[in-house]
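Trainee: my questions are about this predicted structure, shown below with the sequence.
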Amino acid sequence: MMIRKIGIIGAMEEEVEALRAKLEHPEKMTRASMDFYSGVLEGREAVIVRSGIGKVNAGICTQILADVFHVDAVINTGIAGSLAAQIDIGDIVVSTDTVQHDMDATGFGYDLGVIPRMETSCFEADKALVEAAVAACREAVPEIKVFTGRIVSGDQFVSDRETKDRIAKVFGGMCTEMEGAAIAQAAWLNRIPFVIIRAISDKADDSATMDYPAFERQAIAHSVALVRNFVGRLA
Ligand code: ADE
């Protein structure tokens with residue numbers, strides 16, 4: 001796969017700011033109230049943007065990366081709540097595929113998570129990008145455990161055990177967050193390869209709101225190191 005220009009969607013302002021500081025010849029363009037920074041990162045053309053939270057922001061942001069910036073790949077970093085006992089706070093999950101846990105047309109006869117009248121509702125990440133992400137994690141943050149698996153998204157901060165258990169049981173995901181599957185769907189519609197990389201900030205249960213602030217600073221430092229390493233690997 002030939003990647004000329006990569007779109008990087010970061011979740012947190014501090015994370016995007018730190019990556020932006022590494023961008024050579026930065027140029028800012030604002031669309032849909034989002035600031036897109038184009039330039040050169042690790043010798044490669046890149047566009048760095050913070051989408052804002054939730055699936056609508058994420059979908060709009062990805063569409064702009066496609067239409068206005070003509071990116072050939074999209075990478076999304078951020079944080080997520082763990083859905084699996086073996087995945088702990090600080091670990092990283094790289095997406096194999098993504099689904100939306102809050103897509104519910106069951107009253108219409110569809111399974112939970114299925115988007116009516118779409119060819120698929122489970123969007124697969126690009127295998128080469130997944131491999132590059134895992135390799136980047138192993139090299140840039142070797143002390144951190146890396147998992148690959150399904151990431152589930154919804155417009156919901158999951159912070160109670162009952163909701164967590166229900167999502168984990170129905171979708172079998174490794175972690176839950178609020179943008180990945182929307183970025184994946186928009187990328188899929190535009191035939192753009194993508195990968196989602198998430199650092200686990202909480203266990204998506206009753207302890208979720210407490211763990212988050214303490215985790216943030218460390219997650220940002222890891223994310224910046226691994227995105228730079230990842231971009232440097234792209235052929
Ligand atoms: N992002 C980080 N933790 C999350 C959680 N528990 N639910 C949804 N999004 C998250």
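Mentor: Looks like it arrived, so ask away. Residues are numbered from 1 along each chain as shown.

Trainee: burial measure for residue 144, as a count.
Mentor: Burial of residue 144 is recorded as 17 neighbouring residues (other C-beta atoms under 10 Å). C-beta here means a position set from N, CA and C on the backbone, and glycine is covered the same way.

Trainee: please apply the same query to the one 10 residues further on.
Mentor: By other C-beta under 10 Å, the residues close to residue 154 number 24.

Trainee: on the three-state scheme, the nearest residue to it once chain neighbours are set aside is what?
Mentor: If the residues on either side of it in the chain are set aside, residue 154 comes closest to residue 102, at 3.5 Å by C-beta to C-beta, 6 or more residues apart in numbering. Residue 102 carries the three-state label coil when classified by DSSP: H, G, I helix; E, B strand; the rest coil.

Trainee: wait, residue 188 sits on residue 123?
Mentor: Yes: the pair residue 188 / residue 123 is scored as a contact, 4.7 Å apart, by C-beta atoms under 8 Å.

Trainee: quick one, helices of the chain?
Mentor: Under the criterion DSSP state H, the chain carries helices at the ranges 13-20, 55-67, 127-140, 161-171, 180-189, 208-233.

Trainee: residue contacts, the closest residue to the ligand within the chain?
Mentor: Ranked by C-beta to the nearest ligand atom, the top residue of the chain for proximity to the ligand is residue 81, at 2.6 Å. Each residue near residue 81 by C-beta atoms under 8 Å, 6 or more residues apart in numbering is listed here: 157-159, 164, 175-177, 200-204, 208.

Trainee: and for the nearest residue to residue 64 once chain neighbours are set aside, the neighbour number?
Mentor: The spatially closest residue to residue 64, leaving aside those adjacent along the chain, is residue 31, at 4.9 Å (C-beta to C-beta, 6+ apart). Neighbours of residue 31 under the rule other C-beta under 10 Å: 16.
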